[in-house]
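Colleague: Return atomic coordinates for the entry below.
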Amino acid sequence: MSRIWSSGDPGSDAHKPELVGEGLERAVEILKSIGFRQVAVFEKRRRSLVDL
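Modeller: Residues are numbered from 1 along each chain as shown. Okay, here's the model as predicted:
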């Protein structure tokens, strides 16, 4: 996680619709590089895992 924080943008805070998802590809690269293979997504309060 320290590597993510040091990358300069640990999260997302889009203030315009066209910015939603910006940097997503880079985030996936970082997560994979530190060993993540899946992420959790939620729809209607139900969790499911999605492969990176």
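Colleague: Give me the distance between the two termini of stretch 43-52.
Modeller: With C-alpha to C-alpha, to the nearest Å as the measure, stretch 43-52 spans 18 Å from end to end.
Colleague: contact partners of that stretch?
Modeller: Applying C-beta atoms under 8 Å, 6 or more residues apart in numbering, the contact partners of stretch 43-52 are Val28, Leu31, Lys32, Phe36, Arg37, Gln38, Val39, Ala40, Val41, Phe42. Where C-beta positions appear, they are placed from N, C-alpha and C, glycine not excepted.
Colleague: Now do that stretch: distance to the chain's middle.
Modeller: Distance of stretch 43-52 from the chain centroid (C-alpha atoms, centre = their mean, to the nearest Å) equals 13 Å.
Colleague: And stretch 34-41, by the same measure?
Modeller: Stretch 34-41 sits 9 Å away from the centroid of its parent chain (C-alpha atoms, centre = their mean).
Colleague: pLDDT averaged over that stretch, what's the number?
Modeller: Per-residue pLDDT over stretch 34-41 has a mean of 93.
Colleague: After the helix or strand hosting Ile30, which helix or strand is next?
Modeller: Using DSSP states H and E, Ile30 maps to helix 24-33. Counting by DSSP H and E, the next helix or strand C-terminal to helix 24-33 is strand 38-43.
Colleague: how about stretch 18-31: buried residues?
Modeller: Buried residues in stretch 18-31, counted by 16 or more other C-beta atoms under 10 Å: Ala27, Ile30.
Colleague: What is the end-to-end distance of that stretch?
Modeller: Terminal residues of stretch 18-31 lie 23 Å apart, using C-alpha to C-alpha.
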